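Student: Just a sequence and a predicted model for now, questions to come.
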Amino acid sequence: MYINSPGGYVTSGMSIYDTMQYIRCPITTICMGQAMSMGSILLAGGSPGQRYSLPHSSIMIHQPSGGYSGQAVDMEIHVKEILRTRKKLNHIYQKHLTKPHTMDELLKHMDRDNFMDAEEALEFGLIDKILTRREMDDKTKSD
């Protein structure tokens with residue numbers, strides 16, 4: 001799955017993420033350009049050992065955001081929902097990171113927009129490898 005995403009709606013991204021986890025075949029994810037916000041969840045949600053980034057890509061993680069106005073009680077309902085969503089997303093990151101991070105560490109990293117280049121994403125544990133050149137398969141080598 002090639003990812004070049006500025007992010008988007010959490011519900012849309014979660015439906016893609018859930019499908020990725022549901023199907024049985026391995027899923028290779030490759031960040032080409034950017035994997036921001038929900039895009040970084042999809043990047044991290046690839047199969048272990050098959051999550052890649054091109055060298056000049058940018059990856060960004062952060063806590064979910066949203067806006068709501070209205071009656072105080074309705075606003076309270078939406079605050080509870082966004083906090084529940086944040087907890088879900090944090091657990092997803094924690095599940096897929098190759099480097100161990102406590103929940104407190106993760107919350108600190110995601111307190112604000114946290115931009116990473118490919119090398120930093122590798123060190124953080126979001127990806128498994130930085131791709132610099134596509135390897136040729138045996139058929140291509142023999143042609």
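Tutor: Arrived safely. Numbers count the residues shown, from 1 in each chain.
Student: Strands along this structure, start to end?
Tutor: For the chain, the strands defined by DSSP state E cover 2-5, 29-36, 51-53, 58-61, 114-117, 129-130.
Student: out of the ones you listed, nearest to residue 77?
Tutor: Closest to residue 77 of the strands of the chain is strand 58-61 (CB to CB; 26.0 Å). Yep, even glycine has a C-beta here, placed from its N, CA and C like the rest.
Student: In CSV, list the strands of the chain along with mean pLDDT and mean neighbour count.
Tutor: As requested, those are exported to CSV (pLDDT from 0 to 100; neighbours: other CB atoms under 10 Å):
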stretch, mean pLDDT, mean neighbour count
strand 2-5, 98, 17
strand 29-36, 99, 22
strand 51-53, 99, 26
strand 58-61, 98, 22
strand 114-117, 98, 16
strand 129-130, 98, 15
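Student: can you redo those strands as CSV with distance to residue 76?
Tutor: Listed next are these as CSV, based on distance: least, CB to CB, whole Å:
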stretch, distance to residue 76
strand 2-5, 31
strand 29-36, 29
strand 51-53, 37
strand 58-61, 27
strand 114-117, 28
strand 129-130, 44
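Student: so what does the single longest helix found in the chain touch, helix or strand wise?
Tutor: Using DSSP state H to define each element, the chain has its longest helix at helix 72-96. The contact analysis (3 or more CB pairs under 8 Å, 6 or more residues apart in numbering; DSSP states H and E) places helix 72-96 against helix 10-22, helix 38-44, helix 103-109.
Student: For residue 3, find the nearest of those.
Tutor: Nearest to residue 3, of all the helices and strands packed on helix 72-96, is helix 38-44, at 5.3 Å by CB to CB.
Student: hmm, back to that, pick the most buried one from the helices and strands packed on helix 72-96.
Tutor: Most buried of these, by mean neighbour count (mean count of other CB atoms under 10 Å): helix 38-44, with a mean of 25.
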